[in-house]
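Visitor: What would the 3D arrangement of this be:
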Amino acid sequence: VTDDHHALTVKVPAGLYAGHATVLTIHVLGVDPAVDLDLQVLDPAGNEVGSSTGPAGDETVPLKNPAAGTYDVVVCPGTVQQGAYKATATATTTAVKATSGTAAGTAKSAMTFTSATVVDPVLFGGEPGFTFDNTAKSGSRSFVDWPVSSRTQIGVLFRSEDGGLSYTKRYAPVSDPAAGGPACATRQVAYCPSGGGGDTDIDINSTTGSVAMGEQESLANQAVGVSLDHGTTFPADHVDPALDKTGTGVDRQWQASWKGTKTRFMAYHVPLIGEFVNRTDADGATGSWSVAPTPQIKGVTQSGSFIADNTGGIHNHALYVGFLGTSLVPGGLDGFVVAASTDGAKTFVSHKIPGAKSPRSFTVLSVDSVGNLYAAWVDSGTQATYMSTSKANDPANRVNPATKWSPAVQVSQQPLNVTIFSNTVAGSPGRVAIG
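Guide: A predicted model of the protein is given here:
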């Protein structure tokens, strides 16, 4: 069996890229999709500019603004078996608008966007997630995930390598019995064996680039799979199809990780009972997740965002869980509560956010580059968005982070009289965005 080489000549009109963004999508589809094929693209100088080595016979390589010349498109057998295939090359060009008063292609002070990308025209679902892989250059790699339905046990994951101009579905090898792939052929999910289809969540380690995808299995359990190759594959030995071993009725998972390590965390709650936080120090290897016998956080009615401090500052590796709490459970607190851990999720100490007595789901947290915390929420009565801050270097917070918070500040103003969900992202010290 040998590789097939196809010459693809690209012609670029003069000045095209000055005012347009172009994606050349090279696609190979096997006549028998179960026969594994790989795709590699070499530029006119013989350098690899793209490859796709998925587990089956459906491979795509997108090239952003390719240079003119003759490219070598190589179709390789992924196994000893070579099958028939069809190959296409499609160029999509989108005009990029210039900022007023500037010529196209010159430096602009305003942010611009291309036309929206259709991630998948077939599968629909709610609550999509969007995550950048910061180990890739210039934001070129990103992921989109969403739950299709618990009834079908399908949660999907797509990856872009060209800055979001195109996306390719990631799914378990249908030809690999050891990974359980044949049983999941009709579902085309990122990893197998496991259920899924409920809430989905992605966490990418900002240094190693390992990708963890969590899925809610109805309200019965949580599944998680970890990819060690930037989302190309999710090996079966890094999949736990039933993360929660001590309870049921689990809801809404959130993830975090310590950058540059193999330590990951998965948090989820059983309504009223509390929040469980599981830990692995082996990047999710099967059997490596801790099993908490009882919830580390008491009195949780709805869990919110879960973040890890990776700043290298005074609270490096601290963990924070924001949630809606209730005092109906002994040890619980009412309102918007933030629980902090400084011992790697063994224990948490809960603190109330001032003025957040009737928050709406979901409560959100962010941390800036020196460890300052920001909490944002929508009040179910006033319909307004509020924020509170916990400074890392405040004397009250230096030993026990998240203990002291500023009074609530209303963020939304007229004519924005009704807000539903808030979100927050923090950057350099003191800089925070709330949407």
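
Visitor: Residue 354 versus the closest residue in space to residue 368 that isn't next to it in sequence, what's the distance?
Guide: In space, and not counting its chain neighbours, residue 368 is closest to residue 426: 3.8 Å by CB to CB, 6 or more residues apart in numbering. (Each C-beta comes from the backbone N, C-alpha and C, glycine too.) Shown here: residue 426 relative to residue 354, a distance of 19 Å by CB to CB, to the nearest Å.

Visitor: from what I can see the residue nearest to residue 368 touches residue 367, true?
Guide: Yes. Using CB atoms under 8 Å, residue 426 makes contact with residue 367 at a distance of 5.9 Å.

Visitor: OK, contacts around the closest residue in space to residue 329 that isn't next to it in sequence?
Guide: The shortest distance from residue 329 to any non-neighbouring residue, by CB to CB, 6+ apart, is to residue 299 (3.7 Å). If a contact means CB atoms under 8 Å, 6 or more residues apart in numbering, then residue 299 has 272, 274, 325, 326, 327, 328, 329, 330, 331, 332, 333 as its contacts.

Visitor: do the same with residue 389
Guide: Taking CB under 8 Å, 6+ apart, we find residue 389 in contact with 372, 373, 374, 375, 405, 406.

Visitor: In its sheet, which strands sit next to the strand or helix carrying it, and in what direction?
Guide: For residue 389, the element it lies in under DSSP states H and E is strand 385-390. Strand 385-390 has its sheet partners listed here by DSSP bridges as strand 373-379 (antiparallel), strand 409-410 (antiparallel).

Visitor: Could you single out the most deeply buried of the ones you listed?
Guide: strand 373-379 (a mean of 27; mean count of other CB atoms under 10 Å).

Visitor: ok, now how distant is residue 412 from residue 352?
Guide: In terms of CB to CB, residue 412 sits 22 Å off from residue 352.

Visitor: Let's see if you can find the most crowded of the contacts of residue 299.
Guide: residue 325 (28 neighbours; other CB atoms under 10 Å).

Visitor: quick one, helices of the stretch 51-200 of the chain?
Guide: Under the criterion DSSP state H, counting those that start in this stretch, the stretch 51-200 of the chain contains no helices.

Visitor: what ranges of it fall below the confidence cut-off?
Guide: Flagging of the stretch 51-200 of the chain using pLDDT under 70 yields the residue ranges 55, 79-82, 97-109, 178-181.

Visitor: Could you rerun that using 90?
Guide: 51-62, 64, 76-86, 90-118, 120-127, 134-140, 148-155, 163, 165, 169-199 (pLDDT under 90).

Visitor: And for the stretch 201-350 of the chain?
Guide: Checking the stretch 201-350 of the chain against pLDDT under 90 turns up 215-223, 232-236, 240-253, 269-273, 291-293, 331.

Visitor: Would you map the strands across it?
Guide: For the stretch 201-350 of the chain, applying DSSP state E, counting those that start in this stretch gives strands covering 211-217, 221-227, 239-240, 251-257, 264-270, 274-280, 297-298, 300-308, 319-325, 335-341, 349-352.

Visitor: The fourth one pairs with which strands, parallel or anti?
Guide: Translated: strand 251-257. Counting by DSSP bridges, strand 251-257 is paired with strand 264-270 (antiparallel).

Visitor: would you list the strands paired with strand 385-390 in CSV and tack on mean pLDDT and distance to residue 162?
Guide: Listed next are the strands paired with strand 385-390 as CSV, based on pLDDT from 0 to 100; distance: least, CB to CB, whole Å:
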stretch, mean pLDDT, distance to residue 162
strand 373-379, 96, 32
strand 409-410, 94, 40
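
Visitor: sorry, back to before: so for residue 426 and residue 354, which sits in the more crowded spot?
Guide: Just comparing residue 426 and residue 354: by other CB under 10 Å the higher neighbour count belongs to residue 426, 22 against 16.

Visitor: returning to that earlier point: residue 412 and residue 352: which has the busier surroundings?
Guide: residue 412 (18 against 15).

Visitor: wait, that one sits on residue 382?
Guide: No. When contacts are counted by CB under 8 Å, residue 412 is not listed as touching residue 382 (9.2 Å).

Visitor: now the end-to-end length of stretch 427-435.
Guide: 14 Å (CA to CA, to the nearest Å).

Visitor: avg pLDDT for it?
Guide: Averaged across stretch 427-435, pLDDT comes to 93.

Visitor: what comes up buried for that stretch?
Guide: By neighbour count with 16 or more other CB atoms under 10 Å, stretch 427-435 contains the buried residues 432, 434.

Visitor: which residues are contacting it?
Guide: So stretch 427-435 is contacted by 366, 368-370, 372, 374, 376, 385, 387, 411, 422-426 (CB under 8 Å, 6+ apart).

Visitor: returning to that earlier point: with distance to residue 50 added, can I get the contacts of residue 389 in JSON lines?
Guide: Below are these laid out as JSON lines (distance: CB to CB, whole Å):
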{"residue": "372", "distance to residue 50": "40"}
{"residue": "373", "distance to residue 50": "41"}
{"residue": "374", "distance to residue 50": "39"}
{"residue": "375", "distance to residue 50": "42"}
{"residue": "405", "distance to residue 50": "48"}
{"residue": "406", "distance to residue 50": "48"}
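
Visitor: so, if you compare those, which one comes nearest to residue 8?
Guide: Of all the contacts of residue 389, the one with the least separation from residue 8 (CB to CB) is residue 374, at 49.1 Å.

Visitor: shouldn't the closest one be in contact with residue 387?
Guide: Yes. Counting by CB under 8 Å, residue 387 is a contact partner of residue 374 at 6.3 Å.
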